[in-house]
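Trainee: A predicted structure for the sequence below; I have some questions about it.
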Amino acid sequence: MPLVVPRMSDRRHTLGGMFPGGGQPDLSAILQQAQQMQQALAAAQEQLASEEVTGSAGGGLVTATMTGDGELQAVTIAPSAVDPDDVETLQDLVVAAVRDASRLASELTADRMGPLAGGLGGGFPGLPGA
């Protein structure tokens, strides 16, 4: 049996059910809202780049400082944490401190970007409002 595909002129597609009131969207309002969202996101990203979080391990023997946008700024190691006979423990502490700082930076990002993502009608995956 042959497949019959209707011509485009035979199809009656309307967007009336997609928008409140059945009308067409106000494209200038949508464009303005998108520009405002873009400006707000840029401002939030700039703020994140200037904020710092500090993670720690070993009760503060090792700390890692990272910007809100995830750039590692510093690692501090207390002299008492340095044991030439046990380098592996120090390495583990450094990794743990960096992971802690990364977690804090992610939380800061979610805190700053979450309200903006909620305004997108569904948000960004992984952020509040998603």
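Mentor: Nice, I can see it. Numbering: from 1, shown residues only.
Trainee: Any idea what residue 74 is bridged to?
Mentor: residue 65 (DSSP bridges).
Trainee: quick one: the helices in the protein?
Mentor: Assigned helices in the chain, in chain order: 27-50, 87-118 (criterion: DSSP state H).
Trainee: ok now do residue 55, which residues does it touch?
Mentor: 63-64, 66, 97-104 (C-beta atoms under 8 Å, 6 or more residues apart in numbering). No exception for glycine: its C-beta is placed from N, CA and C like everyone else's.
Trainee: Which residues are in contact with residue 116?
Mentor: Neighbours of residue 116 in contact, by C-beta under 8 Å, 6+ apart: 37, 40-41, 44.
Trainee: got a winner among those for most neighbours?
Mentor: Highest neighbour count within the contacts of residue 116: residue 44, with 19 neighbours (other C-beta atoms under 10 Å).
Trainee: Just name the closest of the contacts of residue 55 to residue 53, please.
Mentor: Distances from residue 53 to the contacts of residue 55, taken as C-beta to C-beta, are shortest for residue 104 (3.8 Å).
Trainee: so what's that closest one up against?
Mentor: Residues near residue 104 by C-beta under 8 Å, 6+ apart: 53-55, 66.
Trainee: Which member of those residues is positioned nearest residue 87?
Mentor: Lowest distance from residue 87 to the contacts of residue 104 (C-beta to C-beta) belongs to residue 55, with 20.6 Å.
Trainee: Beta-bridge partners for the closest one, please?
Mentor: Beta-bridge partners, per DSSP bridges, of residue 55: residue 64.
Trainee: any idea of the pLDDT on it?
Mentor: Here, the pLDDT recorded for residue 55 equals 97.
Trainee: Could you do residue 52 as well?
Mentor: 95.
Trainee: about what we covered before: mark which of the contacts of residue 55 are buried, thanks.
Mentor: With burial judged by 16 or more other C-beta atoms under 10 Å, the buried subset of the contacts of residue 55 is 63-64, 66, 97-98, 100-102, 104.
Trainee: Let me have the residues you listed in TSV, extended by distance to residue 111.
Mentor: Formatted as TSV, the buried ones among the contacts of residue 55 follow (distance: C-beta to C-beta, whole Å):
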residue	distance to residue 111
63	21
64	19
66	15
97	21
98	20
100	17
101	15
102	15
104	10
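Trainee: Sweet, I'm off.
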